[in-house]
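Colleague: Quick one, fold the following:
(chains A, B, C and D)
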Protein chains: 2
Amino acid sequence: MGWEQELGEADRMWRTYIEMAKHLNSHLQQHLQRECDLSAADFEVLVRLTESERREMPIAEVAAATQWEKSRLSHQLTRMAQRGLVERVDSDDRRYPDVRLTDKGYAAINKAVPEHTEMVHALFVDVLGPERLAGFAQACADVLRALDEHRERDCSL
Amino acid sequence: MGWEQELGEADRMWRTYIEMAKHLNSHLQQHLQRECDLSAADFEVLVRLTESERREMPIAEVAAATQWEKSRLSHQLTRMAQRGLVERVDSDDRRYPDVRLTDKGYAAINKAVPEHTEMVHALFVDVLGPERLAGFAQACADVLRALDEHRERDCSL
DNA sequence: AGTGTCAGGTTGATACGTCAAGCAACGGGT
DNA sequence: ACCCGTTGCTTGACGTATCAACCTGACACT
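Modeller: Below is the predicted model of the structure:
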């Protein structure tokens, strides 16, 4: 035993990142839950829906935007519909029903977004400052690119 | 509607980070699951256990290290015990039972750690390179500190 | 029209996380 | 010696995520 006592610099930095991500996430999530009675999943769906002018879009579009499994989205929409945040509506092609933001959902997201944004700024954006933030984001973009390449390689097997 | 079309630079960078974190996480998790048949939670518990010389430690210590709710840990240990990765053992003080790594658990973690580390390097450490990694980690540390301060303020209310 | 195929959606089973309540064992005061 | 409070762990119920199987309506080809 004991290789983990000999953690290199790099691995300790990795752990720092992991810690940060975990705490930041849970903090934002708890805030959202307490203040707005929305789970992170609720929030994400509602945000996507506001990206349509009509407060309504095909379910598949939400699925693409969130990158969720369709079954997860389906369950999520069922629960949100039960709470009156959204409703399913049939479109012209009955295979692909739409989701629509209800007034209640609209009110909820309009309360939540500013608070959430403020929190993100206080805990992240303002802490880093403009230059470091840019560097950070560039790093994230690079990692994302590496991930994509890696995934391509995996799929081509 | 439409404020989100006017996302500032900062908010787009925040989204980049979120995307990166999500993808990186799910990639590592899937790899661990496929190659080693371990969930992220399994992995974390096993790693903590290897940090003891005796392959065994009080449950409370694992709880402290992982920062999990005790009930979550309890459920997790039950499932891991069912799969033979760990076992509960009574210590001198019967209030505080220990968890011990079984041989099977030991084998599992010894296979998983190098693979996981390799993946972390390929997707993260090596992508950034030493200097950018250091900057990144410093940024994470700063955000963590901001989080702690914020939490203190919340608790003192 | 009839049949096949397929994309998109739903459903049910199972695993995991969280919350609240319960349980058990040590330690101090009497 | 007894009771009681505290502390750590477990349990059960519920909400959520994932996987696999299934359903459905449109389209193409015959």
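
Colleague: residues of the strand or helix carrying A:Glu149 that come out buried?
Modeller: Here A:Glu149, judged by DSSP states H and E, is contained in helix A:130-155. For helix A:130-155, the neighbour count (16 or more other CB atoms under 10 Å in any protein chain shown) marks A:Leu133, A:Gly135, A:Phe136, A:Ala137, A:Ala139, A:Cys140, A:Asp142, A:Val143, A:Leu144, A:Ala146, A:Leu147 as buried. C-beta coordinates here come from the backbone N, C-alpha and C atoms, glycine included.

Colleague: nearest residue to the second one other than its sequence neighbours?
Modeller: Looking back up the chat, that one is A:Gly135. Closest residue to A:Gly135 apart from its sequence neighbours, by CB to CB, 6 or more residues apart in numbering or on different chains: B:Gly135 at 6.2 Å.

Colleague: List the residues that contact that neighbour.
Modeller: A:Arg132, A:Gly135, A:Phe136, A:Ala139 (CB atoms under 8 Å, 6 or more residues apart in numbering or on different chains).

Colleague: picking up where we left off before, let's have the buried residues of helix A:130-155 in a markdown table, adding pLDDT and distance to B:Asp92.
Modeller: Putting the buried residues of helix A:130-155 into a markdown table (pLDDT from 0 to 100; distance: CB to CB, whole Å) gives the following:
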| residue | pLDDT | distance to B:Asp92 |
| --- | --- | --- |
| A:Leu133 | 97 | 52 |
| A:Gly135 | 97 | 52 |
| A:Phe136 | 97 | 49 |
| A:Ala137 | 97 | 53 |
| A:Ala139 | 97 | 49 |
| A:Cys140 | 97 | 49 |
| A:Asp142 | 97 | 52 |
| A:Val143 | 97 | 47 |
| A:Leu144 | 95 | 51 |
| A:Ala146 | 94 | 50 |
| A:Leu147 | 92 | 48 |
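
Colleague: Check the residues you listed against DNA strand D and report the nearest one.
Modeller: The nearest member of those to DNA strand D, counting by CB to the nearest atom of the strand, is A:Leu147 at 16.6 Å.

Colleague: Does that closest one touch B:Leu24 like I think?
Modeller: Yes - with contact defined as CB atoms under 8 Å, A:Leu147 counts as touching B:Leu24 (6.4 Å).

Colleague: Overlap in contacts, these two.
Modeller: B:Leu123.

Colleague: So is the helix holding A:Glu149 next to DNA strand D?
Modeller: No - on the criterion CB under 7 Å from any atom of the strand, helix A:130-155 is out of touch with DNA strand D, staying 14.9 Å away.

Colleague: Find the nearest non-adjacent residue to the residue positioned nearest the centre of chain A, please.
Modeller: Nearest to the geometric centre of chain A sits A:Glu44, at 5.3 Å (CA atoms, centre = their mean). Spatial nearest neighbour of A:Glu44, excluding adjacent residues (CB to CB, 6+ apart): A:Thr66 at 5.7 Å.

Colleague: swap in A:Ala60?
Modeller: Nearest one to A:Ala60, counting by CB to CB, 6+ apart, is A:Tyr96 at 6.2 Å.

Colleague: For A:Val86, grab the count of nearby residues.
Modeller: A:Val86 has 28 neighbouring residues, counting by other CB atoms under 10 Å in any protein chain shown.

Colleague: what pLDDT does the residue nearest to the centre of chain A get?
Modeller: A:Glu44 is assigned 97 on the pLDDT scale.

Colleague: With the one 10 residues further on instead?
Modeller: In this model, A:Arg54 is scored at 91, pLDDT.

Colleague: What helix or strand is the closest residue to A:Ala40 other than its chain neighbours located in?
Modeller: Excluding its sequence neighbours, the residue lying closest to A:Ala40 (CB to CB, 6+ apart) is A:Gln29, at 5.0 Å. Counting by DSSP H and E, the element that carries A:Gln29 is helix A:9-36.

Colleague: And A:Val99, by the same measure?
Modeller: Assigned by DSSP H and E, A:Val99 falls in strand A:98-101.

Colleague: Mind giving me the packing neighbours of that strand?
Modeller: helix A:40-50, strand A:56-58, helix A:59-66, strand A:86-89 (3 or more CB pairs under 8 Å, 6 or more residues apart in numbering or on different chains; DSSP states H and E).

Colleague: closest to DNA strand C out of those?
Modeller: helix A:59-66 (3.1 Å).
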